[in-house]
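A.B. asks: Here's my sequence, what's the structure:
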Amino acid sequence: MKTPKGEKPIYLDPNQPIDRRVEDLLGRMTLEEKIGQMCQYSGITKEYEEMIRNGRIGSLLNVFSAEETNRVQKIAVEKSRLGIPLIFGLDVLHGYKTIFPIPLGLASTWDPEAARKAASIAAAEARADGVHWTFAPMVDIARDPRWGRVAEGAGEDPYLGSVMARALVEGYQGTDLSAPNALVACPKHYVAYGGAEGGRDYNTVDISERTLREIYLPPFKAAVEAGAGTIMSAFNDLNGIPASANPYTLKTILRNEWGFEGFVVSDWNAIGELINHGIAENIFEAAEKSLKAGVDMDMQGDVYRRSLLKLVEEGRISEDRINEAVKRILKIKFKLGLFEHPYVDPEHAKKVIKCRERLEAALEIARKSIVLLKNEGSILPLSKDINSIAVIGPLANDKEAPLGPWSCLGDPRDVVTVLEGIKSKVSPKTKVLYAKGCEIEGSSTEGFEEAVRAAKECKVAIVVVGEGRDMSGEAAC
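C.D. replies: Numbers count the residues shown, from 1 in each chain. Down below sits the predicted model:
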């Protein structure tokens, strides 16, 4: 498609409807450029920069900061043939640099407004720093406490999970994706990932249709109804069929029953792992099965780039199916306003990230998330004038663990430890003794004696127990 000399191409005209802009741009693209839009890679290398110049990459993840995203985006917008901007994605699960309670903690507030606010603040910070897309919320229902990713969701109840899913999607996306404080959401991991046998990450899931529909699907449906722009297909298989090659869940339910219009991205190399699942002999079969089932973008697998052109040439994949995927991806880019505003202002980012107002909001939401299990003898609250307190445990003076798993760009230097917090709140006359006692992991009892001595010397002992941040989250079962 050619544009008359002196006229702006339709796809670059912000006054045109998005659907018309998409059709115009699609008509100008080569098949190789279309396939490029369906490929996402992690980080940035010289090789990736050259691929961007040639229109062979549509998205990057784990590239952030206003300066770096601007630098890379400039290659796409100003050096490639059609100037199609990249979409930058990142796992912004419970804060960008201002860190909020982990999603399970947010669910413990029983307050969807708190979750919505946390997501909106995370979105504003991330978007200011050049990120457009978050791989969140995780809306998997989790009923096996051995599964490490319980921390990333709202727990075991489908109703609470659905309420939180809706609130988080609305918080991330706002009412206008092109706003400078909005991220496109990506509910994950579709579907039933939380039902892994034995609580082992990536393991098989074998459940009934009734359990699927009553337990695992409702939070995803709520997220779609809230307007989620993308969905992530999972690693796991469901009743013998891998989730990233499952036309029943990706087409029959997601598209036909729910009317989802956004695009589906695979989880990290989930398309390539169809070979591991045993349903594909090679990357060509993996790409064919995944694309036909409904996965539009290949995250970090490099399978679509290496396979789709040949599959089209052989007639195994139609170009119409390629066009369908690319339209969905381009539509999100237009909705994000990336063609009009591909860059961000580094000075604006400095003003909005970790500003006082947002830190105060994080503190208030953290207070709401605290769960008091027992208050025997009404010992709490403690008086600030208590004469002595023993603070015991390796987590009491830990600046890493309070950030939680998947804490994005949270900085341990910003953390106020439990010990520091107690010291700052009690009277200057209060004696505060600290004893580590033991390590988070290990069987040494070397520090027990010191801890017991400190407890005996003080009026009250506060023992800080739990898990290190690396004991929860992905692959931490």
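
A.B. asks: Look up how far residue 407 lies from residue 97.
C.D. replies: 10 Å (Cβ to Cβ, to the nearest Å). Placement of C-beta: from N, CA and C, glycine included.

A.B. asks: Settle it for me: which of those two has more neighbours?
C.D. replies: Shown here are residue 97 and residue 407; by other Cβ atoms under 10 Å, residue 407 has more neighbours (22 against 19).

A.B. asks: what sits against that one?
C.D. replies: By Cβ atoms under 8 Å, 6 or more residues apart in numbering, the residues touching residue 407 are 93, 94, 95, 99, 469.

A.B. asks: try it again with 7 Å
C.D. replies: For residue 407, the contact set (Cβ atoms under 7 Å, 6 or more residues apart in numbering) comprises 94, 95, 99.

A.B. asks: Next: residue 311.
C.D. replies: Counting by Cβ under 7 Å, 6+ apart, residue 311 makes contact with 284, 287, 288, 317.

A.B. asks: my guess is the last one meets residue 309, correct?
C.D. replies: No: Residue 317 is beyond contact range of residue 309, at 9.5 Å (criterion: Cβ atoms under 7 Å).

A.B. asks: and those two? which has more neighbours close in?
C.D. replies: Neighbour totals were compared for residue 317 and residue 309, and residue 317 leads with 20 against 16 (other Cβ under 10 Å).

A.B. asks: any idea how far the more buried one lies from residue 270?
C.D. replies: From residue 317 to residue 270 the distance is 18 Å (Cβ to Cβ).

A.B. asks: and the most centrally placed residue in the chain, what pLDDT?
C.D. replies: Among the residues of the chain, the one closest to the centroid is residue 135, at 2.8 Å (Cα atoms, centre = their mean). pLDDT recorded at residue 135 is 98.

A.B. asks: likewise residue 1?
C.D. replies: The predicted local confidence for residue 1 is 64.

A.B. asks: repeat for residue 476
C.D. replies: 89.

A.B. asks: Could you shift the numbering so residue one becomes 47, and keep it that way?
C.D. replies: That works, and once the first residue is 47, the last one we named lands at residue 522.

A.B. asks: Quick check: nearest residue in space to it, chain neighbours excluded?
C.D. replies: residue 194 (3.6 Å; Cβ to Cβ, 6 or more residues apart in numbering).

A.B. asks: Show residues contacting the helix or strand where residue 152 lies.
C.D. replies: For residue 152, the host element (DSSP states H and E) is helix 149-153. If you take Cβ under 7 Å, 6+ apart as the criterion, helix 149-153 is touched by 139-140, 146, 160-161, 164, 183-184, 196-201, 206, 210, 415.

A.B. asks: Is residue 458 in contact with residue 445, as I believe?
C.D. replies: Yes: between residue 458 and residue 445 a contact is recorded at 4.1 Å, counting by Cβ under 7 Å.

A.B. asks: Quick one: mean pLDDT over the helix holding residue 152.
C.D. replies: Helix 149-153 comes out at a mean pLDDT of 98.

A.B. asks: what's whatever helix or strand comes next after that helix packed up against?
C.D. replies: Sequence-wise, the next helix or strand downstream of helix 149-153 (DSSP H and E) is helix 158-174. When contacts are defined as 3 or more Cβ pairs under 7 Å, 6 or more residues apart in numbering; DSSP states H and E, helix 158-174 packs onto helix 149-153, helix 204-219, helix 392-398, helix 402-415.

A.B. asks: Which of those sits closest to residue 462?
C.D. replies: helix 402-415 (9.7 Å; Cβ to Cβ).

A.B. asks: show me the residues around residue 183 that make contact.
C.D. replies: Listed by Cβ under 7 Å, 6+ apart, the contact set of residue 183 reads 149, 211, 214, 215, 231, 233.

A.B. asks: What count of nearby residues applies to the closest residue in space to the fourth one that isn't next to it in sequence?
C.D. replies: If the residues on either side of it in the chain are set aside, residue 215 comes closest to residue 272, at 4.1 Å by Cβ to Cβ, 6+ apart. Neighbourhood size, residue 272 [other Cβ under 10 Å]: 19.

A.B. asks: need the contact list for residue 272.
C.D. replies: Residue 272 neighbours (Cβ under 7 Å, 6+ apart): 212, 215, 216.

A.B. asks: where do the strands sit along the stretch 197-346 of the chain?
C.D. replies: Ranges of strands in the stretch 197-346 of the chain, per DSSP state E, counting those that start in this stretch, are 276-279, 283-284, 287-288, 309-312, 344-345.

A.B. asks: Out of those, flag the one nearest residue 56.
C.D. replies: Nearest to residue 56 among the strands of the stretch 197-346 of the chain is strand 309-312; the distance by Cβ to Cβ comes to 21.6 Å.

A.B. asks: For stretch 373-381, give me every contacting residue.
C.D. replies: Contact partners of stretch 373-381, identified using Cβ under 7 Å, 6+ apart, comprise 64, 67-68, 71-72, 83-84, 104, 131, 133, 223-224, 230, 275-276, 308-309, 342-343.

A.B. asks: Looking at the contacts of residue 357, which one is closest to residue 92?
C.D. replies: Looking across the contacts of residue 357 and measuring by Cβ to Cβ, the closest to residue 92 is residue 333, at 25.8 Å.

A.B. asks: and stretch 153-160, how far apart are its ends?
C.D. replies: 9 Å (Cα to Cα, to the nearest Å).

A.B. asks: typo on my end, stretch 230-242
C.D. replies: 27 Å.

A.B. asks: Can you report the mean pLDDT over the residues of whatever helix or strand residue 65 lives in?
C.D. replies: Here residue 65, judged by DSSP H and E, is contained in helix 64-74. Predicted confidence along helix 64-74 averages 98 (mean pLDDT).

A.B. asks: what does stretch 496-507 contact?
C.D. replies: By Cβ under 7 Å, 6+ apart, stretch 496-507 touches 428, 432, 433, 434, 435, 436, 438, 479, 481, 483.

A.B. asks: what stretches of the stretch 397-523 of the chain score poorly on pLDDT?
C.D. replies: For the stretch 397-523 of the chain, no stretch is flagged by pLDDT under 70.

A.B. asks: all helices for it, in order.
C.D. replies: 402-415, 464-471, 494-503 (DSSP state H, counting those that start in this stretch).

A.B. asks: Make a PyMOL selection of the buried ones in the contacts of stretch 373-381.
C.D. replies: This is how PyMOL selects the buried members of the contacts of stretch 373-381, with burial counted by 16 or more other Cβ atoms under 10 Å:
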select buried, resi 67+68+71+72+83+84+104+131+133+223+230+275+276+308+309+342+343
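
A.B. asks: one step back: quick check: the farthest pair among the contacts of stretch 496-507?
C.D. replies: Using Cβ to Cβ, the pair of the contacts of stretch 496-507 lying farthest apart is 433 and 483, separated by 22.0 Å.

A.B. asks: who's more crowded, the two?
C.D. replies: Taking neighbours as other Cβ under 10 Å, residue 433 and residue 483 compare with residue 483 leading, 22 against 13.

A.B. asks: tally of neighbours for the nearest residue to the more buried one once chain neighbours are set aside?
C.D. replies: Leaving aside its sequence neighbours, residue 483 sits nearest to residue 497 (Cβ to Cβ, 6+ apart; 3.8 Å). Look at residue 497: counted by other Cβ under 10 Å, it has 22 neighbours.

A.B. asks: With that, I have no additional questions.
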